[in-house]
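S.K.: Got a predicted model here, sequence first, then my questions.
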Amino acid sequence: MNPEPDSLNPTRRGMLTSAAALIGGGALLHPAHAQDPHAGHKLPAATADQKPPNTQAAVSTGKTEVFAPPGINYKPVITPNGMTLPWKMVDGAKVFHLVAEPVSHEFIPAMNDHTSLVAECWGYNGRIHGPTLEAVEGDRVRIYVTNRLDAPTTVHWHGLLLPSGMDGVGGVSQKAIQPGETFKYEFPLKQHGTFMYHSHHDEMTQMQLGMMGMFIIHPAVPEPNPPDRDYAIMLSEWLIEVGARRPDPNEMTDFNIFTMNGRAFPGTQPLLAQSGERVRVRIGNLSTMSHHAIHLHGHFFKVTDTDGGHIPEAGQWPETTVIMPTGSTRTFEVGPVYPGDWVMHCHMLHHVMNQMGHKFGNLIGINDTGLDKTIRKLVPGYMSMGATGMGDMGDMGMNVPANSLPMIGGPGQYDYITMGGMFTILKVRDSLPADGSDPGWFISPPGTVASPASEADLQRDGINPKAATTAPATAATHIVSAGRIKLGGCQMH
Ligand SMILES: [Cu+2]
């Protein structure tokens, strides 16, 4: 098995993207920190009026590419919206080539109701995030890293047991890889599981611009009963100001794009499975500041591994949500899976929105009748929002700057979906399209979709939608009230 794909000869793509490396470096320099330790973190992001720096570069559009050369003894991992890096065997070593370079990346593709959201990032091999590395415990890997950025970089192999000098921490374990240089990392793989790689030089800038990827190692002895499907998802967060082309790598708190494998819903590719299958999901989180609570509907799962290793079966318990600390991986197995469209999303609710602002006043319950008309005399085109929540924001047809999605979700089968960002769908079908394409929306069997209650239903079950809901006071509520009064009267307060 000697596959020699052209990604091992990366000159072609580099010709296209090297121009991008010349732009933006100035905006990314760290100013000397003043007395305020955070003073250096608030540089303005690039705005729409700055031309896209590398108009010639191919845009990374998140096409999924698995690498399955003949002779492998494992089921290859699938990276939705991502690719697995091809390798070749040379004298007993598995040889990979990563190229750190600027990448134009599409976070959300154009759809009927919006244009695409594309930004200038830093990644590997023309991708955000970098391609998934996949190998087998016991392999000797030789990983070349070519630096086509304008800044020095290194690569850290997160979670791997390796010689200290291969750990990839700039200044600690090696000299930084200067622009134009190619470094070689080489070590044996002593473990299996779900790991990651990422820049470990000017980490805040380089990781916040996208320099990270998954590193999957299969066991030396093939699993006796492997899951039917094996998915890898990297979580990350970004600040891309509305109308800007460059993620702001200096942001500390206010992120507005939350991604799975570099894509925000409605740009995320669904996970597919056939009814009754078992599915493995490997999640890594390299968000700058956030942990994420990844929740799957309609099923429970067990976390089987972290980046520290396998969890003995006695230590695994059923879950529907896994908390993903930043800087860690969690692998869970779910199944048998049931037919349907089952959403999988971060349960931190600001993380399931796109570029919407989060700093406006609370308008819930406000009577805004006439308000717009009054304000439009002063501000033409003014539209107040939020009196009944934000659910309508996505499909109200706001005029927004090009290359921006200041809305929340995307179109669904029945209605607008009021979630975006870190959101995807596990689509389980009795039979899937043979070409691996999206099967579309789930058609529920008759009688299994929530629907308006009929008059006959209401009468049969004695439900009166107009009945008062105020419960009559009981002895118990009086006791609670009495307790509160007593506490309120305490001398200490
Ligand atoms: Cu989250």
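M.R.: Nice, I can see it. Residues are numbered from 1 along each chain as shown.
S.K.: Could you say whether whichever residue of the stretch 1-150 of the chain sits closest to the ion sits in a helix, a strand or coil?
M.R.: Closest residue of the stretch 1-150 of the chain to the ion, Cβ to the ion: residue 107 (15.8 Å). For the C-beta atoms, the positions are set from N, CA and C on the backbone; glycine is no exception. Three-state assignment for residue 107 (DSSP: H, G, I helix; E, B strand; the rest coil): strand.
S.K.: hey, what's the closest residue to it other than its chain neighbours bridged with?
M.R.: Nearest residue to residue 107, sequence neighbours excluded (Cβ to Cβ, 6 or more residues apart in numbering): residue 117, at 4.6 Å. Bridge pairing for residue 117 (DSSP bridges) gives the partners residue 108.
S.K.: Please name the residues that touch residue 117.
M.R.: Contacts for residue 117 (Cβ atoms under 8 Å, 6 or more residues apart in numbering) come out as 106, 107, 108, 240, 257, 264, 267, 354, 355, 403, 404, 405.
S.K.: Isn't the first one up against residue 62?
M.R.: Yes: because the distance of 6.6 Å satisfies Cβ atoms under 8 Å, residue 106 is recorded as touching residue 62.
S.K.: which one of these two has more residues nearby?
M.R.: residue 62 (23 against 19; other Cβ atoms under 10 Å).
S.K.: Pull the number of nearby residues for the closest residue to residue 439 other than its chain neighbours.
M.R.: What sits nearest to residue 439 in space, not counting adjacent residues and going by Cβ to Cβ, 6+ apart, is residue 429, at 5.2 Å. Neighbours of residue 429 under the rule other Cβ under 10 Å: 18.
S.K.: Could you do the one 3 residues further on as well?
M.R.: Burial measure for residue 432: 16 neighbouring residues, criterion other Cβ under 10 Å.
S.K.: Give me the distance between the most centrally placed residue in the chain and the ion.
M.R.: Nearest residue to the geometric centre of the chain (Cα atoms, centre = their mean): residue 260, 2.1 Å. Distance from residue 260 to the ion, counting by Cβ to the ion, to the nearest Å: 10 Å.
S.K.: for that residue, what are its contacts?
M.R.: 80, 81, 233, 234, 235, 268, 422, 423, 424.
S.K.: Low-confidence bits of the stretch 301-450 of the chain, can you list those?
M.R.: 357-364, 366-369, 371-376, 378-400, 406-408 (pLDDT under 70).
S.K.: the helices in it, which residues?
M.R.: Under the criterion DSSP state H, counting those that start in this stretch, the stretch 301-450 of the chain contains helices at 371-378.
S.K.: which bits of it sit near the ion?
M.R.: Selection of the stretch 301-450 of the chain residues close to the ion by Cβ under 5 Å from the ion yields 346, 348, 351.
S.K.: Try it again at 8 Å.
M.R.: 324, 346, 347, 348, 350, 351, 352, 421, 422 (Cβ under 8 Å from the ion).
S.K.: now do the stretch 151-300 of the chain
M.R.: Residues of the stretch 151-300 of the chain lying near the ion (Cβ under 8 Å from the ion): 235, 237, 258, 287, 290, 291, 292, 293, 294.
S.K.: Double-check the second one against residue 291; I have them as touching.
M.R.: No: counting by Cβ under 8 Å, residue 237 does not reach residue 291; the two are 10.6 Å apart.
S.K.: And the two? Which one has more around it.
M.R.: Using other Cβ under 10 Å as the criterion, residue 237 and residue 291 rank with residue 237 on top: 24 against 15.
S.K.: Contacts only, for the more buried one.
M.R.: By Cβ under 8 Å, 6+ apart, the neighbours of residue 237 are 255, 257, 258, 259, 287, 288, 289, 290, 351.
S.K.: For the residues you listed, could you give me a markdown table that also reports neighbour count and secondary structure?
M.R.: Shown next, in a markdown table, are the contacts of residue 237 (neighbours: other Cβ atoms under 10 Å; DSSP: H, G, I helix; E, B strand; the rest coil):
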| residue | neighbour count | secondary structure |
| --- | --- | --- |
| 255 | 23 | coil |
| 257 | 25 | strand |
| 258 | 26 | strand |
| 259 | 27 | strand |
| 287 | 25 | coil |
| 288 | 18 | coil |
| 289 | 12 | coil |
| 290 | 21 | coil |
| 351 | 25 | helix |
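S.K.: Out of these, flag the one nearest to the ion.
M.R.: Nearest to the ion among these is residue 351, at 3.2 Å by Cβ to the ion.
S.K.: which ones are touching the closest one?
M.R.: 237, 258, 290, 292, 421, 422.
S.K.: how close does it sit to residue 340?
M.R.: 23 Å (Cβ to Cβ, to the nearest Å).
S.K.: Residue 318 now?
M.R.: Distance, residue 318 to residue 340, using Cβ to Cβ: 19 Å.
S.K.: Neighbour count: the two, which is higher?
M.R.: residue 340 (18 against 9).
S.K.: I'd say that one and residue 442 touch.
M.R.: Yes: counting by Cβ under 8 Å, residue 442 is a contact partner of residue 340 at 5.2 Å.
S.K.: in the sheet, who's paired with the closest residue to the ion within the stretch 151-300 of the chain?
M.R.: Per Cβ to the ion, residue 292 is where the stretch 151-300 of the chain lies closest to the ion, at 3.4 Å. Here residue 292 sits in beta bridges with residue 324, going by DSSP bridges.
S.K.: same deal with the one 10 residues further on?
M.R.: Bridge pairing for residue 302 (DSSP bridges) gives the partners residue 318, residue 333.
S.K.: Okay, it and residue 168: tell me how far apart.
M.R.: To residue 168, residue 302 is 32 Å away according to Cβ to Cβ.
S.K.: which of those two has more neighbours?
M.R.: For the pair residue 302 and residue 168, the greater number of neighbours falls to residue 168 (26 against 16), based on other Cβ under 10 Å.
S.K.: Sticking with that one, tell me its helix or strand.
M.R.: Secondary structure assignment for residue 168, by DSSP states H and E: no helix or strand.
S.K.: Let me see the contact set for it.
M.R.: Counting by Cβ under 8 Å, 6+ apart, residue 168 touches 154, 155, 156, 157, 174, 185, 197, 200.
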